[in-house]
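Peer 1: Generate a structure from the sequence data that follows.
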Amino acid sequence: MKVHFIAIGGSAMHNLAIALSRKGIEVSGSDDEIFEPSRSRLFNQGILPENMGWNAEGIDTSLDAVILGMHARKDNPELLKAKSLKIPIYSYPEYLYEESKSKKRIVIGGSHGKTTITSMLLHVCKKESVNVDYMVGAQLEGYDCMVRLTDEADFMILEGDEYLSSPIDRRPKFHLYKPDVALISGIAWDHINVFPTFENYISQFDVFCSVIKEGGHLVYNLEDSEVNKLGDKYRGRLQVQGYGVPIFETLDEGTMVMYNAKSYPMKIFGSHNLQNMMGAMHLAAHLGISNNDFLNAMADFTGAGKRLQKVIEKDSFVMFNDFAHSPSKLKATTNAVREQYGTRKIIACMELHTFSSLRKDFLPFYKGCMEAADHALVYFSPEVVKHKKLDHLTVDEVQKSFGGHVIVKNNTEDVLRFIRALNHENTVLLMMSSGDFDGIDYDLLGEELIG
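Peer 2: Okay, the predicted model is just below:
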């Protein structure tokens, strides 16, 4: 087999390229730019393109397939050549489906919690020695590649992203996986550049449910009203299983969960994390893992990458880094820290970084999302707004949208001044972004604040 990747450097694409190479497939690829860590990972696997740029001459009939990344354009010369030669062209999710057609597919969907639930499931599978293939959308600790494809595994676990599949395939990725078992964690409007109305966005999850195999299983969050409607709609065609937040007690170091008259100590905390865990538990049952074994195996799980990731802790100060960027994620993460550290002062800093979050018509959805924090700051970069070709934003417009006591800054030095000026005794500092606050080094900041 020979497979060529157009736009091989993407965060998802390079992981799939590495997985196929490890499976013994001859992999080639191209891109106009490749950044770290993709560059080093491709180099270490021996599949980093020798030259940057597109080369139509490298596309010939010896290729069995071309995989097209979102970063490429419709008029990409390699894509046009592949079309002219009638070489099969796949999007990333299409190829994952082709590789897993003979397996039982478990797909985790939802506007938030997908990566956490997927990582919980993989954590338990590893501890229980259950052989699975997988695809995860974020880098997890302990894994050097977030795609695994083998001939031996009977199961494929897929994080089901609702974003578009490729430049020439406008279907959401999770519509292409045709799961045997699916989970929906929650629905909160996102990707408004692609899904212009909330109704249009919700309909994507309805389609997702419709492609679950007849008689298959839908695991869904009972505490989300939109997801609940889908559970009711597909009851009968599918076997449905609802879940919610379990009974729990907050501990100094984590949580004690009570389930089926037993107590299970956990390192994770926050209602939304525990809710995610219950969803993952019901998925694990389809892998032959009992609820009791699942909960015992979760005892040492500390979280998914950049999801309430502890940066530093000393005496009465702790600092977390979190990926939260949408209104629902921001509110859930801030509330989780408040639940766990009820007597401490909470300092929450959030960066508006995604296309949706920087849209003036989307900003009002952030109203009240940071109420659980004692001190709340929102940062945005005017340069990022300009780069994304969005309408000019002012500090006052952002502050009005968030409301309450939120302070807004558009310069990272002002963010640092705000943090440094506060007393950090008996405090939790929460840094939330899908970016990096324009280069703030969390480790150095944490060391400075405890120094």
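
Peer 1: Quick one: residues contacting the residue lying closest to A285 once chain neighbours are set aside.
Peer 2: Spatial nearest neighbour of A285, chain neighbours left out: N291 (6.8 Å); criterion: CB to CB, 6 or more residues apart in numbering. Every C-beta, even on glycine, is put in place using the N, C-alpha and C of the backbone. N291 makes contacts with 259-260, 281, 284-285, as judged by CB atoms under 8 Å, 6 or more residues apart in numbering.

Peer 1: which secondary structure element contains G446?
Peer 2: helix 442-450 (DSSP states H and E).

Peer 1: With T150 instead?
Peer 2: Secondary structure from DSSP H and E places T150 outside every helix and strand.

Peer 1: what do you get for R39?
Peer 2: Assigned by DSSP H and E, R39 falls in helix 38-45.

Peer 1: on contacts alone, who are the packing partners of that helix?
Peer 2: helix 11-22 (3 or more CB pairs under 8 Å, 6 or more residues apart in numbering; DSSP states H and E).

Peer 1: Which parts of the stretch 201-350 of the chain are strands?
Peer 2: 217-221, 239-243, 247-251, 254-259, 262-266, 309-314, 317-322, 345-352 (DSSP state E, counting those that start in this stretch).

Peer 1: give me every residue that touches I312.
Peer 2: Taking CB under 8 Å, 6+ apart, we find I312 in contact with 318-319, 443, 446-447, 449-450.

Peer 1: beta partners of it?
Peer 2: Bridge pairing for I312 (DSSP bridges) gives the partners M319.

Peer 1: Equivalent analysis for K345, please.
Peer 2: Judged by DSSP bridges, the bridge partners of K345 are T427.

Peer 1: Settle this for me: it is touching H375, isn't it.
Peer 2: Yes. Counting by CB atoms under 8 Å, K345 does reach H375; the two are 7.3 Å apart.

Peer 1: before we move on, the earlier item: let me have the contacts of N291 in TSV, extended by distance to Y234, pLDDT and neighbour count.
Peer 2: Below are these laid out as TSV (distance: CB to CB, whole Å; pLDDT from 0 to 100; neighbours: other CB atoms under 10 Å):
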residue	distance to Y234	pLDDT	neighbour count
Y259	26	98	16
N260	27	96	9
M281	21	98	25
A284	21	98	24
A285	19	98	16
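
Peer 1: State the pair within those residues that is farthest apart.
Peer 2: For the contacts of N291, the farthest-apart pair by CB to CB is N260 and A284; their separation is 14.7 Å.

Peer 1: what's the distance between C145 and M135?
Peer 2: 10 Å (CB to CB, to the nearest Å).

Peer 1: which of these two has more neighbours?
Peer 2: Neighbour totals were compared for C145 and M135, and M135 leads with 27 against 19 (other CB atoms under 10 Å).

Peer 1: Below-threshold pLDDT in the stretch 351-451 of the chain: ranges please.
Peer 2: Of all residues in the stretch 351-451 of the chain, none has pLDDT under 70.

Peer 1: So for G24, what's the nearest residue that isn't a sequence neighbour?
Peer 2: In space, G24 is closest to M1, 7.9 Å off (CB to CB, 6+ apart).

Peer 1: Apart from its chain neighbours, what residue comes closest to Y234?
Peer 2: C209 (5.0 Å).

Peer 1: try E371
Peer 2: Nearest residue to E371, sequence neighbours excluded (CB to CB, 6+ apart): G404, at 6.1 Å.

Peer 1: what residues are up against that neighbour?
Peer 2: G404 makes contacts with 368, 370-371, 376, as judged by CB under 8 Å, 6+ apart.

Peer 1: give me the element it is part of.
Peer 2: Counting by DSSP H and E, G404 is part of no helix or strand.

Peer 1: Any idea how far apart the tips of stretch 368-376 sit?
Peer 2: End-to-end span of stretch 368-376 (CA to CA, to the nearest Å): 11 Å.

Peer 1: sorry, back to before: top of the contacts of I312 by neighbour count?
Peer 2: Among the contacts of I312, M319 has the most neighbours (other CB under 10 Å), with 25 neighbours.

Peer 1: Nice, that's everything, thank you.
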